[in-house]
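Novice: quick one, structure for this:
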Amino acid sequence: MYKEMYYHEDLENLAEEIVFEQIHLLIEGDDVDVPTSEVSIQDIAAIALNNMPAKYCCNFMEKRDPGDQLLEEVKDLKKYAKRQVIKAIKKVKSIPHD
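Specialist: Got it, this is the predicted structure:
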């Protein structure tokens, strides 16, 4: 209820996009067997995101022209996200929710 009062679409948790990017890259690659049902993908994302630090960005200019520090943080976040997604895939495969 309160979120709707104050939320603006420019507010974005970059970690969410990065986690879904890593899921996509792993699905497209041949190294990891990723369950691809909608429920499994959402479970993988939720588990990985629960272990990720949030990285919020709230304005168009920052998204369009990120500074060097933000670019470095995103690079590190991508590496961490890949590890968390792989862990989440193993967990989802061991206890399927479908």
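
Novice: strands of the chain, start to end?
Specialist: All strands of the chain, identified by DSSP state E, fall at 12-13, 56-57.

Novice: remind me what the last one packs against, helices and strands.
Specialist: Under the contact definition 3 or more C-beta pairs under 8 Å, 6 or more residues apart in numbering; DSSP states H and E, strand 56-57 sits against strand 12-13. (Glycine included, C-beta is placed from N, CA and C.)

Novice: can you tell me which residues contact the residue nearest in space to the middle of the chain?
Specialist: By C-alpha atoms, centre = their mean, the mean C-alpha position of the chain lies nearest to Val19, the distance being 2.0 Å. Val19 is in contact with Ala45, Ala48, Leu49, Met52, Ala81, Gln84, Val85, counting by C-beta atoms under 8 Å, 6 or more residues apart in numbering.

Novice: list only buried entries from those residues.
Specialist: Listed as buried from those are Ala45, Ala48, Leu49, Met52, Ala81, Gln84, Val85; burial here means 16 or more other C-beta atoms under 10 Å.

Novice: pLDDT score assigned to Val74?
Specialist: The confidence metric pLDDT takes the value 86 at Val74.
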